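**Q** Need a 3D model of the following:
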Amino acid sequence: MPTDKSDLRRALRAQRQSLPAEARKLAARALAANLAGLRLFLACRRVACYLPNDGEIDTGPVIEHIRRLHKILYLPVLSRLSHDRLWFAEAKPKTKLTPNRFGIPEPAVPARQLVRAQELDLILMPLVGFDDRGNRLGMGGGFYDRSLEFLRHRHRWRKPQVLGIAYDFQRVNGLAPDPWDIPLQGVITDKAVYL
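**A** The predicted structure is shown next:
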């Protein structure tokens, strides 16, 4: 694997985009099963997830499980003012979705219905790569890091809990974190739970 972040990002994205449809489906179901047995997940009520893009692992089975357990599902929404942070909107089964500027569907709700990350119990985050120390390689936009920046100033991390979800092959050795990176508390994959 390459060591430069942009090369590593490119290689991992290509790998996940090349997965056959059946392998994607099996991995998504296995990931949802791994998450379902996690005490941290079961104890949470307000859970943010995301809709997959760019070959990310399918979150459909996870979202179904969130709803089946009567948890409140939230999806990220790009800030309409600063365009560099995320807000979160409750996403019911019939919530209308519209593509944001990156083409990713997000809830089409009035601004007054958006909540900050601080109001959530658990955020399930996308990633391109991760290591054993909770370092996350994202797409490079920094949206989640800026939205969760307040967590760097807390001595005790109560909420939201922050977990990455990914294919197991996205696990790499020793990512060098940038000063603004928010570490994950763990990663759930199709093969394992890393806490």
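**Q** so how far is residue 79 from the residue lying closest to residue 80 once chain neighbours are set aside?
**A** Excluding the flanking residues, the one nearest residue 80 by C-beta to C-beta, 6 or more residues apart in numbering is residue 111, at 6.4 Å. For glycine as for every other residue, the C-beta is placed from the backbone atoms N, C-alpha and C. For residue 111, the distance to residue 79 equals 10 Å [C-beta to C-beta, to the nearest Å].
**Q** The two: which has the busier surroundings?
**A** In this view residue 111 and residue 79 are compared by other C-beta atoms under 10 Å, and residue 79 has more residues nearby, 15 against 11.
**Q** who's in contact with the lengthiest helix in the chain?
**A** As assigned by DSSP state H, the longest helix anywhere in the chain is helix 21-36. With contacts defined as C-beta atoms under 8 Å, 6 or more residues apart in numbering, helix 21-36 is touched by 19, 41, 57-62, 64-65, 124, 165, 167, 188-193.
**Q** Mind giving me the ChimeraX command for buried ones among those residues?
**A** Buried residues among these (16 or more other C-beta atoms under 10 Å), as a ChimeraX selection:
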select :19,41,57,58,59,61,62,65,124,165,167,188,189,190,193
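**Q** dump the residue contacts of the spatially most central residue of the chain.
**A** Taking C-alpha atoms, centre = their mean, the centroid of the chain lies closest to residue 125, which sits 1.3 Å from it. Residues near residue 125 by C-beta under 8 Å, 6+ apart: 50, 136, 144, 162-165, 184.
**Q** picking up where we left off before, starting at the chain centroid, how far to the longest helix of the chain?
**A** Mean-position distance between helix 21-36 and its chain equals 15 Å (C-alpha atoms, centre = their mean, to the nearest Å).
**Q** in the chain, which spans are helices?
**A** 5-17, 21-36, 39-42, 60-68, 143-147.
**Q** Pipe those into CSV and attach mean pLDDT per row.
**A** Formatted as CSV, the helices of the chain follow (pLDDT from 0 to 100):
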stretch, mean pLDDT
helix 5-17, 95
helix 21-36, 97
helix 39-42, 96
helix 60-68, 97
helix 143-147, 94
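**Q** among those helices, which is the most enclosed?
**A** Of the helices of the chain, the one with the most neighbours on average (mean count of other C-beta atoms under 10 Å) is helix 143-147, at a mean of 19.
**Q** list the helices and strands that helix packs on?
**A** strand 86-90 (3 or more C-beta pairs under 8 Å, 6 or more residues apart in numbering; DSSP states H and E).
**Q** Tell me the strands beside the strand it packs on, with direction?
**A** When pairing is defined by DSSP bridges, strand 86-90 lines up against strand 72-78 (antiparallel), strand 114-115 (antiparallel).
**Q** Looks like residue 114 contacts residue 76 (just checking).
**A** No - taking contacts as C-beta atoms under 8 Å, residue 114 lies outside contact range of residue 76: 10.0 Å.
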